[in-house]
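>>> Following is a predicted model, sequence given first.
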Protein chains: 2
Amino acid sequence: MKIGVLGTGMVGQTISGKLLELGHDVMVGTRNVAQTLARTEPYATGFPAFSVWQQQHPDAKLGTYADAAQHGELAVNATNGIGSLEALELAGAAHLAGKLLIDIANPLDFSQGMPPSLTVCNTDSLGEQIQRAYPDVRVVKTLNTVTAFLMVDPGQVADADHTMFVCGNDAAAKTQVTAWLKEWFGWKDVIDLGDISNARGMEMWLPLWVRLFGTLQTGMFNLKIVR
Amino acid sequence: MKIGVLGTGMVGQTISGKLLELGHDVMVGTRNVAQTLARTEPYATGFPAFSVWQQQHPDAKLGTYADAAQHGELAVNATNGIGSLEALELAGAAHLAGKLLIDIANPLDFSQGMPPSLTVCNTDSLGEQIQRAYPDVRVVKTLNTVTAFLMVDPGQVADADHTMFVCGNDAAAKTQVTAWLKEWFGWKDVIDLGDISNARGMEMWLPLWVRLFGTLQTGMFNLKIVR
């Protein structure tokens, strides 16, 4: 399947790597291809520069946000949440129209240090902002609630005995994404919360996640909804 | 132990009932004793009017917020979150000074319908507002993340195989509250998140909780931090 993954960092690399491993035709999108290829220093997350990662993943294509959005039958927003709306604008409404967009981004602002705050929350969310800006895109919010490694390999913790959420306005899109989460990545428990306004709760989980990350000294955890 | 429980609704009744069962000397605090006793209709939650509940719990004392705060060696804030600061003002700083206050309240505003919003979040929290207003009170935030029944009986779901959080600035107070959560109520997994600013994450869990309540059609669930 042709997939456009917007974002070259921790989440973009992890998602793209897994999708390539599964045999998909992945183009990673970035703001400026030359700058992305010129960068050699690792990301703050410890992830390698994209050029280093691409040497280990020679099948990964790199293009602009617009190239990647055009390439993909499916688009994945793996950009930094505070830059997502701009990245999608550069991707171009025409290249996204009618497509399924998996939104993984969290609108976290680390500029004031720890703990980060959310740039939008409570009565709105990034997921909703994206859906409003691109009404003919089928936005499904998911995977934003766990660290990148677990997104594509939940079995790394407790044999995947924990929970992932999806939300969005398009029921068929959510059914499709839920199937992919299970088949591609190995998720076992996926809860459909309802429409895209549920992105509020999914993004507002992050303040607790960040503190748990500090307390547990690892990102390798997740919540399980016990009922 | 002498305990003052502020709040006569679902949480106040449930906490008080369990504490009475454990043999504690409980005074429930309310804004206006005569009005509380005159009310006969059930709460919107389906819980009985306090006067009806008190007939089934004859050992429960009722007083003003100030009476209850004065009575308790331990105080519990089980008021509606949007009225908590006013209730504590009526309780009186002098009656709370130096005491341990367990804050269970969530600043949820249902006035605009579903879903509710938080009246404070992201860069502040109700827990922090209370601690700032009463700097010599030892505030511990806990139990706000589950429905009232589970607060005092987590074993009703999955043999209590799920997680409770505590946060606060006073380490000894958190150690004490954690011991009570386990001994009094049967909690098994209690995570100390850190200082009172972690109340942000604990309160910002509520938007997701409320949506899960709608999706699962029950409040009898909780999160387990799987690691």
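Received, thanks.
>>> contacts and neighbour counts: CA atoms only from here.
Will do.
>>> Run through the strands of chain A in chain order.
Counting by DSSP state E, residue ranges of the strands within chain A are A:2-6, A:25-30, A:61-64, A:74-77, A:100-103, A:108-109, A:117-118, A:138-142, A:163-168, A:189-194, A:222-226.
>>> As PDB, could you dump the C-alpha coordinates of the first one?
Backbone C-alpha positions of strand A:2-6 (Å, rounded to 0.1, in the frame of the first residue of the first chain) are rendered in PDB as follows:
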ATOM      1  CA  LYS A   2       1.200   3.500  -0.800                       C
ATOM      2  CA  ILE A   3       1.600   5.400   2.500                       C
ATOM      3  CA  GLY A   4       2.700   9.000   3.100                       C
ATOM      4  CA  VAL A   5       4.200   9.500   6.600                       C
ATOM      5  CA  LEU A   6       4.500  13.200   7.500                       C
END
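>>> Which strands or helices does that strand pack on?
For strand A:2-6, the helices and strands in contact under the criterion 3 or more CA pairs under 8 Å, 6 or more residues apart in numbering or on different chains; DSSP states H and E are helix A:10-21, strand A:25-30, helix A:65-71, strand A:74-77.
>>> Nearest to chain B, out of these?
Each of the helices and strands packed on strand A:2-6 has some distance to chain B by CA to the nearest CA; the shortest is helix A:10-21, at 20.2 Å.
>>> can you dump the C-alpha coordinates of the closest one into PDB?
What follows is helix A:10-21 as a C-alpha-only set of coordinates in PDB (Å, rounded to 0.1, in the frame of the first residue of the first chain):
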ATOM      1  CA  MET A  10      11.000   9.500  16.500                       C
ATOM      2  CA  VAL A  11       7.400   8.700  15.500                       C
ATOM      3  CA  GLY A  12       7.900   9.100  11.800                       C
ATOM      4  CA  GLN A  13      10.900   6.800  11.700                       C
ATOM      5  CA  THR A  14       9.300   4.200  13.900                       C
ATOM      6  CA  ILE A  15       6.000   4.000  12.000                       C
ATOM      7  CA  SER A  16       7.800   4.200   8.700                       C
ATOM      8  CA  GLY A  17      10.200   1.400   9.600                       C
ATOM      9  CA  LYS A  18       7.400  -0.900  10.600                       C
ATOM     10  CA  LEU A  19       5.400  -0.100   7.500                       C
ATOM     11  CA  LEU A  20       8.400  -0.800   5.300                       C
ATOM     12  CA  GLU A  21       9.000  -4.100   7.200                       C
END
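>>> At the contact with chain B, which residues of chain A appear?
Residues of chain A lying close to chain B (CA under 8 Å from any CA of the partner chain) are A:117-118, A:121-123, A:157-158, A:161-162, A:192-194, A:198, A:200-202, A:204-209, A:211-212, A:215, A:220-227.
>>> Now render the strands of chain A as CSV, adding mean pLDDT and mean neighbour count.
As requested, the strands of chain A are arranged in CSV below (pLDDT from 0 to 100; neighbours: other CA atoms under 10 Å in any protein chain shown):
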stretch, mean pLDDT, mean neighbour count
strand A:2-6, 98, 27
strand A:25-30, 98, 26
strand A:61-64, 98, 21
strand A:74-77, 98, 25
strand A:100-103, 98, 25
strand A:108-109, 96, 18
strand A:117-118, 98, 22
strand A:138-142, 99, 28
strand A:163-168, 98, 24
strand A:189-194, 98, 18
strand A:222-226, 98, 20
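>>> I'd guessed A:Q70 sits against A:L96; true?
Yes: using CA atoms under 8 Å, A:Q70 makes contact with A:L96 at a distance of 7.1 Å.
>>> Need the overlap of contacts for those two.
In terms of CA atoms under 8 Å, 6 or more residues apart in numbering or on different chains, A:Q70 and A:L96 are not both contacted by any residue.
>>> quick one: pLDDT of A:K99?
According to the per-residue confidence, A:K99 scores 98 in pLDDT.
>>> With adjacent residues omitted, what lies nearest to it?
Across the structure, with CA to CA, 6 or more residues apart in numbering or on different chains as the measure, the residue nearest A:K99 apart from its sequence neighbours is A:V137 (5.4 Å).
>>> Verify the stated contact: that neighbour with A:L101.
Yes: in this structure, A:V137 sits in contact with A:L101. The criterion is CA under 8 Å, and the distance is 6.7 Å.
>>> burial of the closest residue in space to A:D124 that isn't next to it in sequence, as a residue count?
On the basis of CA to CA, 6+ apart, the spatially nearest residue to A:D124 that is not a chain neighbour turns out to be A:R200, at 6.2 Å. Other residues within reach of A:R200, judged by other CA atoms under 10 Å in any protein chain shown, total 23.
>>> Quick one: residues contacting A:R200.
If a contact means CA under 8 Å, 6+ apart, then A:R200 has A:121-127, B:207-208 as its contacts.
>>> Over to A:G92?
Residues in contact with A:G92 (CA under 8 Å, 6+ apart) are A:66, A:69.
>>> What pLDDT is listed against it?
Taken from the predicted model, the pLDDT recorded for A:G92 is 98.
>>> from what I can see A:T142 touches A:F165, true?
Yes: distance between A:T142 and A:F165: 5.9 Å, which falls inside the contact criterion (CA under 8 Å).
>>> what would the contacts of A:R200 look like in JSON lines with neighbour count and pLDDT?
Written out in JSON lines, the entries for these read as follows (neighbours: other CA atoms under 10 Å in any protein chain shown; pLDDT from 0 to 100):
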{"residue": "A:C121", "neighbour count": "20", "pLDDT": "98"}
{"residue": "A:N122", "neighbour count": "21", "pLDDT": "98"}
{"residue": "A:T123", "neighbour count": "12", "pLDDT": "97"}
{"residue": "A:D124", "neighbour count": "15", "pLDDT": "98"}
{"residue": "A:S125", "neighbour count": "24", "pLDDT": "98"}
{"residue": "A:L126", "neighbour count": "27", "pLDDT": "98"}
{"residue": "A:G127", "neighbour count": "30", "pLDDT": "98"}
{"residue": "B:P207", "neighbour count": "25", "pLDDT": "97"}
{"residue": "B:L208", "neighbour count": "20", "pLDDT": "98"}
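>>> and which of those residues is nearest B:Q112?
Closest to B:Q112 out of the contacts of A:R200 is A:T123 (10.8 Å), distances taken as CA to CA.
>>> Look up the residues forming beta bridges with the closest residue to that closest one other than its chain neighbours.
For A:T123, ignoring the flanking residues on the chain, the nearest one in space by CA to CA, 6+ apart is B:S117 at 6.3 Å. Each beta-bridge partner of B:S117 is listed here, defined by DSSP bridges: B:D109.
>>> So what would you say the end-to-end distance of stretch A:142-161 is?
With CA to CA, to the nearest Å applied, stretch A:142-161 spans 17 Å between its terminal residues.
>>> Now it: buried residues?
When burial is assessed from 16 or more other CA atoms under 10 Å in any protein chain shown, stretch A:142-161 yields the following buried residues: A:142-155, A:160-161.
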